[in-house]
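S.K.: got a sequence here, can you model it:
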Amino acid sequence: PAPTPAQMSLSIGDRIETTDKLKVRSGPRISSGITPTGVQLKGAKGTIIAGPTTANGYTWWEVDYDSGPDGWSAEPWLQKTVGTAPSPTPPPTTGGGGGGGTPPPAPSVSLPILNIIGSVASSTLLKGVVAVDIQGNYAYLTDERSDALIIVDISNPTSPQIVGSVQDNAILEAARNVDVAGNYAYVLGGARASNIARLVIVDVSNPASPTIVSSLNMPLSNGRRKAFNVRVSGNYAYVTGYSSNIFHVVDISNPQAPVIVGSVTDSRFAYLGGIAMSGNYAYVNGSFDYVSVVDVSNPTLPQVVGSINDSKIDRPLSIYISGMYAYVASALNDSLVILDISDHTKPVIVGSVIDSYNLGYPTSVFVSGNYAYLTTLYGSRFTKVDVSDPTSPKVVAATVITPTIQSHNYGYGVYVKGQYAYVTSWNGL
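M.R.: Here you go, the predicted structure:
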């Protein structure tokens, strides 16, 4: 069909409807084929969960349709609509990236419920919260809709309060991720309508008045959400982009003038996601079912020294390292996968747990003690997994993330400190 012009710009979390019958594809390009039954009729509604990606002359968005096949659809046949998604239901039995199917029933054995004891929301600042990092008594949030870094006082976990923020719709446009070290927050974002991604350094020595001190344009990929993750270790920041195949090392020893000092390109880096650091090694997710190991002992010459390619880690969005193990959130398998990384050149899968009800499209993982904590996009759940035996992880507790202002309550980021977990839910903490 001839495309119908979009009525307004689209972004992650938007409700959309199709303007004509269209194919739903398993990847953001025409050559990717279509998902099983792969057609949505005119007027089908859904929620944008990823994108945009540009290919074959189109802008593509990944859509979680209310019924039928889910997958990537071209923007000319999508338009923003009003309303909310249906009440949360378990994800399709085919897995997180599903192709439709009947949602699985709730487990026959009820799990303990994790209690939500506090939350914070703001209709002007917290409209698209993605990442959270914590230092001391403060939580640092990135919001890709309000183009902001928001600082929350969490000294009283039952009553967190916003104490400061910095907004800049140019420099902090589509702020995606954050890592805090010392007096600085390192924020990664990507421009919505250009090929620019930025690493922005913010002085947070006064939480009530954070100040941008510098920014660095990053050659990652085209458009918003292509800037994906940043991790800081010592005098360096390590940066990935979602659809890039480049891993960058940035010298941040002078916060006023960050500079890229090393990069490595590898086909296994396509669709790079999470980063986790272990000494002189960076573990990065990419290419849908890869975890690669980059030796950064020489920051000017990072080198890939090992990798694992396994369908069990399909679309690994987040990775966390604790001791000799790496914990990987596999979005398309609704699973947590545990890798033995005692040999950095040869990571090996030692255990995994699949749970399409409690781990539907996991987006973030954090490990504390004998437990891994994950947030999910489907089912809007926060889930606790016992990893005391890495060869046999078990889901032991879960809860639904309650929406704070709007209906969008997808779980995105998680950080555990002491007996509390801090979870971002698109429009709040």
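
S.K.: check contacts around K21.
M.R.: Taking C-beta atoms under 8 Å, 6 or more residues apart in numbering as the criterion, K21 is in contact with P1, V39, Q40, L41, K42. Any C-beta I mention is one placed from the backbone N, CA and C, and that applies to glycine too.

S.K.: give me the below-cutoff pLDDT ranges for the stretch 201-350 of the chain.
M.R.: Residue ranges of the stretch 201-350 of the chain with pLDDT under 70: 220-227, 242-244, 270-272, 287.

S.K.: can you pull out the strands in it?
M.R.: Here the stretch 201-350 of the chain has its strands, by DSSP state E, counting those that start in this stretch, at 211-218, 227-233, 236-241, 246-251, 259-265, 275-278, 281-286, 290-295, 303-309, 316-322, 325-330, 335-340, 348-354.

S.K.: can you redo these as TSV with distance to A50 and mean neighbour count?
M.R.: As requested, these are exported to TSV (distance: least, C-beta to C-beta, whole Å; neighbours: other C-beta atoms under 10 Å):
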stretch	distance to A50	mean neighbour count
strand 211-218	20	17
strand 227-233	11	23
strand 236-241	14	26
strand 246-251	19	21
strand 259-265	23	15
strand 275-278	18	20
strand 281-286	14	25
strand 290-295	18	23
strand 303-309	22	17
strand 316-322	10	23
strand 325-330	14	27
strand 335-340	18	24
strand 348-354	21	17
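
S.K.: want to try a markdown table for these, with distance to G379 as columns?
M.R.: Below are those laid out as a markdown table (distance: least, C-beta to C-beta, whole Å):
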| stretch | distance to G379 |
| --- | --- |
| strand 211-218 | 33 |
| strand 227-233 | 23 |
| strand 236-241 | 27 |
| strand 246-251 | 32 |
| strand 259-265 | 36 |
| strand 275-278 | 25 |
| strand 281-286 | 22 |
| strand 290-295 | 25 |
| strand 303-309 | 28 |
| strand 316-322 | 15 |
| strand 325-330 | 14 |
| strand 335-340 | 14 |
| strand 348-354 | 14 |
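
S.K.: by neighbours, which of the contacts of K21 wins?
M.R.: Q40 (27 neighbours; other C-beta atoms under 10 Å).

S.K.: that one and V395, how far apart?
M.R.: Using C-beta to C-beta, to the nearest Å, Q40 is found at 32 Å from V395.

S.K.: cool, and T158?
M.R.: The separation that T158 has from V395, given C-beta to C-beta, amounts to 26 Å.

S.K.: higher neighbour count, the two?
M.R.: The neighbour comparison of T158 against V395 (other C-beta under 10 Å) goes to V395, with 20 against 9.

S.K.: put the alpha carbons of the helix or strand in which the more buried one is found into PDB.
M.R.: According to DSSP states H and E, V395 maps onto strand 394-400. The C-alpha coordinates for strand 394-400 follow below in PDB (Å, rounded to 0.1, in the frame of the first residue of the first chain):
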ATOM      1  CA  LYS A 394      15.500 -20.200  40.300                       C
ATOM      2  CA  VAL A 395      12.900 -17.500  40.200                       C
ATOM      3  CA  VAL A 396      11.900 -16.900  43.900                       C
ATOM      4  CA  ALA A 397       9.800 -13.700  44.000                       C
ATOM      5  CA  ALA A 398       8.300 -11.100  41.700                       C
ATOM      6  CA  THR A 399       5.900  -8.100  41.600                       C
ATOM      7  CA  VAL A 400       4.200  -6.000  39.000                       C
END
